[in-house]
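Peer 1: give me a 3D structure for the following:
(one chain, ligands or ions: 2)
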Amino acid sequence: MVKIAPSLLSADFLHLEKDVKMCCDNADFLHLDIMDGVFVPNISYGFPVVEAISEIATIPMDVHLMIADPGKYISRFAKCGAKMVSFHLEAAGEKTQEVIDLIRYLGMSPGVVINPDLPVSSLYPYLESVDYVLLMSVFAGFGGQKFIEDTYERVRTLKDEIDRRRLDVEIEVDGGVSPSNAPALIKAGASILVAGSSVFKSEDPAATIEAMRQII
Ligand code: DX5
Ligand code: ZN
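Peer 2: Numbering: from 1, shown residues only. Ligands and ions are numbered 1, 2, ... in the order given. Below you'll find the model as predicted:
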């Protein structure tokens, strides 16, 4: 069954506890977007917020790092209680394997992310050592962007390669995901869907999460 990871970037920050509890009651992971204003032209939130969320979280925290030099901060996120940590290949460059190994060494699940303009084959060297790969279906940096249609094909290509190597690597998709494109993403091979605005701007967030679990 597909897992849903609501992105708290679109939550109500004045009532964050309410939104975190709603996610814990209805979703599988809490997706936390960390932006540094350097790797992406936006700044989100940092350690104190992640720590506070960890105190009430009853589902795993899925931390998506959109920061330069990600290796530098991995141990801080481990201390904050992250269970899954993903970082951008574009940001880590030749240190990518080192950062994956560090995340694993600290007892968390490593994931590598790419923006829509990198070929999925750039992830192939890391497929044996990650638990999941995250395909951005918008350019990282902002919530509420339009889903890029090419993503279905990218998910299929990646899924074929994962299956060909008989690996147990999950494909997560992030950006513009909603109940209308979820079925095709699941069919293409995605098993974790991140959704920010479609969940939090909807009238009934719990029902929207449920609607994305549709099985083809
Ligand atoms: C964008 C973030 C996403 C974002 C998704 O850079 O990585 O997680 O919050 O938001 P929506 O679902 O609104 O595109
Ligand atoms: Zn994200």
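Peer 1: contact residues of the chain facing ligand 1?
Peer 2: Where the chain comes near ligand 1, counting by CB under 6 Å from any ligand atom, the residues are 7, 9-10, 31, 33, 64, 138, 140-145, 174-177, 194-198. For every residue, glycine as well, the C-beta is placed using N, CA and C.
Peer 1: filter those down to the buried ones.
Peer 2: The neighbour-count test (16 or more other CB atoms under 10 Å) applied to the residues of the chain next to ligand 1 identifies 7, 9-10, 31, 33, 64, 138, 140-143, 145, 174-177, 194-198 as buried.
Peer 1: so which of those belong to helices?
Peer 2: Restricting those to those inside helices, with DSSP state H as the criterion, leaves 197-198.
Peer 1: and the contacts of the helix ranked longest in the chain?
Peer 2: Ranked by number of residues, the top helix in the chain under DSSP H is helix 151-164. With contacts defined as CB atoms under 8 Å, 6 or more residues apart in numbering, helix 151-164 is touched by 116, 120-121, 123-124, 127, 133, 135, 137, 169, 171, 173, 184-185, 188-190.
Peer 1: in helices, which of these appear?
Peer 2: Secondary structure from DSSP H places 184-185, 188 of the contacts of helix 151-164 in helices.
Peer 1: so which of these is the closest to residue 16?
Peer 2: The shortest approach to residue 16 among these belongs to residue 185, at 27.3 Å (CB to CB).
Peer 1: any regions of this protein where pLDDT drops low?
Peer 2: Of all residues in the chain, those with pLDDT under 70 make up the ranges 215-216.
Peer 1: got the residues of it near ligand 2?
Peer 2: Within the chain, the positions lying close to ligand 2 (CB under 5 Å from the ion) are 33, 64, 174.
Peer 1: export those residues to TSV and tack on distance to residue 110?
Peer 2: TSV is the format used below for these (distance: CB to CB, whole Å):
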residue	distance to residue 110
33	17
64	12
174	16
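Peer 1: tell me the one of the residues you listed nearest residue 49?
Peer 2: Proximity of the residues of the chain next to ligand 2 to residue 49 was ranked by CB to CB; the top entry is residue 33 with 10.9 Å.
Peer 1: which residues does the residue nearest to the closest one when sequence neighbours are not counted contact?
Peer 2: Nearest non-adjacent residue to residue 33, counting by CB to CB, 6 or more residues apart in numbering: residue 9, 4.7 Å away. Remark: with contacts taken as CB under 8 Å, 6+ apart, residue 9 is in contact with 33, 44, 143, 196.
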